[in-house]
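K.L.:
Here is a sequence with its predicted model. Questions after.
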Amino acid sequence: MVDSNGKSRILSIQNIIIKFKLRGQVLTAIRDISLDLYKGESLAIVGESGSGKSVLVKSIMGLLDKNGFIDQGEILYKDYDLAKFSTEKDWLKIRGKEIAMVTQDPMTSLNPLKTVGKQIEECVVLHQGLKGKSAYDQTLKLLTDVGIHDVEKRYKQYPHEFSGGMRQRIVIAIAIACNPKILICDEPTTALDVTIQAQILQLLKNLQEKYGLTTIYITHDLGVVAKVADRIAVMYAGEIIEVGKTHEVFFDGKHPYTWALLSSLPQLGAKGEELYSIKGTPPNLFKEIKGDAFAPRNPFALNIDFVERPPFFKVTDTHFAKTWLLHSDAPKVEPPLSLQEFFEEGRRYAHD
Ligand SMILES: Nc1ncnc2c1ncn2[C@@H]1O[C@H](COP(=O)(O)OP(=O)(O)OP(=O)(O)O)[C@@H](O)[C@H]1O
């Protein structure tokens, strides 16, 4: 799949709606999302808790909870429409092998009763078709690739003999051992302390290049995004409300929700000015949402925001935002002052 920019699409999500049945009611968690993922890129999906980040990526891997279902839309990968997959047999063609995931808590992905070496080697045997000494050697290589020393000794150890950061490295080695094309990292460093976080992010970045992976990061931490992502998609209440290259969203964000998220960056807090914080709560997903879901919390909301859902407005060929503020008839609204300075600094930095 090649799009009009000449870039090769590895995955294309089109008009996806995902719902959950809960106590006789229906909740809409994903409200009409379309998103393309390009080969070799690193895309970060950001948004506050409950915005639908996990549900969206779980739908790509066939991991939705039993009460969840794809109501509408397509998820195109190779010759498949993943939205139509209904059996585990279908998903076994994709999960791990084509699309793998690294989650926040490595312990849930590791078997405590098996040595880490055996766990990696099983994937090497299954997915890379290697056996005996070649499988063992490949396992040692993977352990080295994820930054583990003394690999022959470490091969024979159990998950509890590793620290949190080291366990995350093992989980990453298992994911890579399956030779996936897409690696989804769901808050991969949230449970780790700051120094280890930085090391794991750097490792993921190195592995992306070395293995030609396409990666999706899910995070609520914009600091993480800036370090690893080529592009950012911002989610709010089950929708993508802004998407663009990292510097476009970071230093020229257009949606007031993006402004609010950026305002929580520590760099802005350091200025000691009053910040534009997000007041109120996200909408009730059991109810139909009219207009822009962020409108009730948006100090810049226009009348139309309460009535009609904004479409994506084009900012550049790669940057789009769903806010009526970008309509040609909208009044000119500037981002909060502290953000304007931040944007200015960012643009200067980008030009240097
Ligand atoms: N099995 C389920 N049954 C009912 N509702 C669900 C289920 N799983 C998720 N949801 C709802 O879907 C919405 C999106 O949840 P999701 O976990 O994707 O958010 P998130 O952005 O990943 O948040 P977090 O950062 O906290 O993981 C939430 O309102 C959540 O309550």
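P.N.:
Looks like it came in fine.

K.L.:
before we move on, what SS does H247 have?
P.N.:
For H247, the assignment made with DSSP: H, G, I helix; E, B strand; the rest coil gives helix.

K.L.:
Verify the contact between it and F343 for me.
P.N.:
No - judged on C-beta atoms under 8 Å, H247 makes no contact with F343 at a distance of 10.4 Å. For the C-beta atoms, the positions are set from N, CA and C on the backbone; glycine is no exception.

K.L.:
Looks like A226 contacts F250 (just checking).
P.N.:
Yes - A226 is within contact range of F250, at 6.3 Å (criterion: C-beta under 8 Å).

K.L.:
Around the ligand, pick out the residues from this structure.
P.N.:
Within the chain, the residues that sit near the ligand (C-beta under 6 Å from any ligand atom) are 20, 22, 27, 29, 47, 49-55, 65, 67-68, 220, 285.

K.L.:
Go through these and flag which are in strands.
P.N.:
20, 22, 27, 29, 68 (DSSP state E).

K.L.:
I'd like to know which of those residues are buried.
P.N.:
The neighbour count (16 or more other C-beta atoms under 10 Å) marks 20, 27, 29, 68 as buried among these.

K.L.:
Skipping its backbone neighbours, what lies nearest the last one in space?
P.N.:
In space, not counting the residues next to it along the chain, G68 is nearest to F20; the distance is 4.7 Å by C-beta to C-beta, 6 or more residues apart in numbering.

K.L.:
now do the third one
P.N.:
With sequence-adjacent residues excluded and distances taken as C-beta to C-beta, 6+ apart, A29 is closest to V55, at 4.6 Å.

K.L.:
ok, now which ones touch the one you found?
P.N.:
V55 sits next to 18, 29-30, 64, 68, 238 when contact means C-beta atoms under 8 Å, 6 or more residues apart in numbering.

K.L.:
ok, which pair from the residues you listed is furthest apart?
P.N.:
For the contacts of V55, the farthest-apart pair by C-beta to C-beta is L64 and G238; their separation is 13.7 Å.

K.L.:
Look at the two and report which has more neighbours.
P.N.:
G238 (28 against 17; other C-beta atoms under 10 Å).

K.L.:
quick one: the more buried one and R23, what's the gap?
P.N.:
Applying C-beta to C-beta, to the nearest Å, the value for G238 to R23 is 19 Å.

K.L.:
for M235, same thing?
P.N.:
M235 is 25 Å from R23, where distance means C-beta to C-beta.

K.L.:
Looking at the two, which one has more neighbours?
P.N.:
Under the criterion of other C-beta under 10 Å, the comparison of M235 against R23 puts M235 first, with 26 against 7.

K.L.:
Remind me which helix or strand that one belongs to.
P.N.:
In this structure, M235 sits in strand 231-236 according to DSSP states H and E.

K.L.:
Check L207 too.
P.N.:
Going by DSSP H and E, L207 is in helix 194-211.

K.L.:
Tell me the first helix or strand C-terminal of the worst-scoring helix or strand of the chain on mean pLDDT.
P.N.:
Least confident element among the helices and strands of the chain, by mean pLDDT, DSSP states H and E: helix 266-269 (a mean of 67). Going down the chain from helix 266-269, the next helix or strand is strand 313-314, by DSSP H and E.

K.L.:
what mean pLDDT does the following helix or strand past that next one have?
P.N.:
Counting by DSSP H and E, the next helix or strand C-terminal to strand 313-314 is strand 320-321. If you average the pLDDT over strand 320-321, you get 97.
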